[in-house]
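J.: I need the structure of the sequence given here:
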Amino acid sequence: MKEQFEKFNKDIRLTSNQKEDAKTKHTNVCKILHKKYYDTEYNGKTKFLFGSHKTKTNTRPLSEMQDVDVLFKITQETFDKFDDYESNGQSALLQEIKDVLNETYSTTDEIKAWGKIVLVKMSDNAHNVEVLPALENEDGTFTIPNSENGGSWENFDPRKQIDEFQTSNSNTDGLTARLGRMMKSWKKNTTSMTYSSHELLGSVMDFLETEFTGSAEYYDYNEVVKNFLDYIKSRCTDDDRKSHITTAYNRVIKAIEFMDDNKPKEASEEWRKIFGDKFPKVNENPKKESKIVPPIVKPASPWSKLF
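T.: Reported below is the predicted structural model:
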């Protein structure tokens with residue numbers, strides 16, 4: 001399955017056009033907010049990208065659930081204004097952010113505000129933008145709003161999350177990102193399973209740190225995926241999620257057995273059940289070599305020469 005895993009990893013990565021589309025959309029959203037809250041020209045410094053687009057673990061095919069996570073840095077003055085509210089200034093901040101964006105996106109896009117973010121849902125339903133307004137602290141962390149349960153301010157440290165990922169990815173020569181993308185494809189193909197992308201990527205990093213040293217070649221990926229599923233299965237306490245993990249694990253075992261029997265066609269079918277149609281299909285098994293039996297030449301009878 002070496003060639004199939006190599007092609008699969010290539011085909012689930014975003015194209016250059018898709019990356020540019022995501023960048024254009026979140027940049028335009030932040031430009032609008034910068035114009036509202038700052039008197040200076042926009043240079044990108046009031047924007048902070050995090051999540052899967054920062055770690056480059058987003059995958060194809062795109063779905064409406066794949067948002068671009070971007071933090072917009074609000075001013076101290078803006079924070080103080082909403083912090084002075086008698087009740088739920090956090091909700092008021094999100095509503096104001098929504099209203100500002102609504103002036104530009106009202107005819108083609110849908111904007112929702114809840115919890116901690118403002119969601120700008122694009123008309124093409126691709127690369128929707130989740131905006132998280134935040135005050136940057138001196139130590140590099142951020143103070144973010146949570147409008148639930150009456151409203152509160154929370155501490156958020158996306159830089160730490162990104163540093164942990166980059167360290168893991170460097171230590172494994174890129175395996176963290178590749179395994180993360182593959183398992184996100186599994187999650188996407190398992191629609192009834194609840195497993196957030198952030199949590200799944202955390203499981204990948206924990207697995208590689210404790211159970212794996214260094215990188216792996218594509219011909220090892222069947223074992224890497226098998227061992228990862230076994231790792232999270234043994235630590236899962238949610239019965240519903242564990243059922244999905246067990247199903248995927250059993251399919252990996254079956255796929256490996258098919259390969260041992262020189263049946264890559266059946267093996268690829270099992271992998272496609274796990275990862276979806278992006279995993280390459282093998283159309284036929286290699287033909288068995290027929291053994292050539294040399295003809296038996298009957299020797300002349302030793303006594304034939306006597307007559």
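J.: residue 159 and residue 165: what is the separation?
T.: Note on residue 159: its distance to residue 165, by C-beta to C-beta, to the nearest Å, is 11 Å. For every residue, glycine as well, the C-beta is placed using N, CA and C.
J.: quick one: which of those two has more around it?
T.: Counted by other C-beta atoms under 10 Å, residue 159 and residue 165 do not tie: residue 165 has more neighbours, with 21 against 14.
J.: any idea which element that one lies in?
T.: In this structure, residue 165 sits in helix 158-171 according to DSSP states H and E.
J.: list of residues touching that helix?
T.: Residues outside helix 158-171 that contact it (C-beta atoms under 8 Å, 6 or more residues apart in numbering) are 48, 50, 54-55, 71, 140-142, 175-177, 201, 205, 208-209, 214.
J.: buried among the residues you listed? Make that a PyMOL selection.
T.: Applying 16 or more other C-beta atoms under 10 Å to those leaves a buried subset, and the PyMOL line that selects it is:
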select buried, resi 48+50+54+55+71+141+142+175+176+177+201+205+208
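J.: quick check, nearest of the contacts of helix 158-171 to residue 286?
T.: Nearest to residue 286 among these is residue 175, at 29.0 Å by C-beta to C-beta.
J.: any idea of the pLDDT on that closest one?
T.: pLDDT for residue 175: 96.
J.: what sits against it?
T.: By C-beta under 8 Å, 6+ apart, the contact list for residue 175 reads 169, 208, 212, 215, 216, 224.
J.: so how far is residue 32 from it?
T.: According to C-beta to C-beta, residue 175 stands 38 Å off from residue 32.
J.: pass me the low-pLDDT residue ranges in the stretch 101-250 of the chain, would you?
T.: Low-confidence segments of the stretch 101-250 of the chain (pLDDT under 70): 107-108.
J.: what about the helices in it?
T.: Defined through DSSP state H, counting those that start in this stretch, the helices belonging to the stretch 101-250 of the chain, from first to last, are 158-171, 175-189, 197-211, 221-235, 239-260.
J.: need those helices in CSV with distance to residue 3, can you?
T.: As requested, these are exported to CSV (distance: least, C-beta to C-beta, whole Å):
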stretch, distance to residue 3
helix 158-171, 24
helix 175-189, 15
helix 197-211, 23
helix 221-235, 11
helix 239-260, 13
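J.: looking at the ones you listed, which is closest to residue 134?
T.: helix 158-171 (9.1 Å).
J.: tell me what the lengthiest strand in the chain is packed against?
T.: Longest strand in the chain by number of residues (criterion: DSSP state E): strand 129-136. Packed against strand 129-136, as judged by 3 or more C-beta pairs under 8 Å, 6 or more residues apart in numbering; DSSP states H and E, are the following elements: helix 16-37, strand 68-73, helix 76-83, helix 89-105, strand 117-121, strand 142-146.
J.: returning to that earlier point: among the contacts of helix 158-171, which pair sits farthest apart?
T.: Greatest spacing in these, by C-beta to C-beta: 142 and 214 (34.2 Å).
J.: same question for stretch 59-75, mean pLDDT?
T.: When the per-residue pLDDT values of stretch 59-75 are averaged, the result is 91.
J.: now it: buried residues?
T.: Neighbour-count burial for stretch 59-75 flags 59, 60, 62, 66, 67, 68, 69, 70, 71, 72, 73, 74 (criterion: 16+ other C-beta under 10 Å).
J.: from residue 91, how far out is the nearest residue to the first one once chain neighbours are set aside?
T.: The shortest distance from residue 59 to any residue that is not its chain neighbour, by C-beta to C-beta, 6 or more residues apart in numbering, is 4.5 Å, and that residue is residue 12. Residue 12 sits at a distance of 38 Å from residue 91 (criterion: C-beta to C-beta).
J.: then residue 285?
T.: From residue 285 to residue 91 the distance is 60 Å (C-beta to C-beta).
J.: so for those two, which residue has more residues nearby?
T.: In this comparison of residue 285 against residue 91, neighbours counted by other C-beta under 10 Å, the higher total goes to residue 91 at 20 against 14.
J.: how about the contacts made by that one?
T.: Applying C-beta under 8 Å, 6+ apart, we find residue 91 in contact with 113, 145, 147, 151.
J.: need the pLDDT of it.
T.: 95.
J.: now do the domain split for the chain, please.
T.: Under the assignment automatic domain parsing, the domains of the chain span 15-156, 161-275.
J.: between the ones you listed, which one is closest to residue 2.
T.: Between residue 2 and the domains of the chain, the shortest separation by C-beta to C-beta is 4.0 Å, and it involves domain 161-275.
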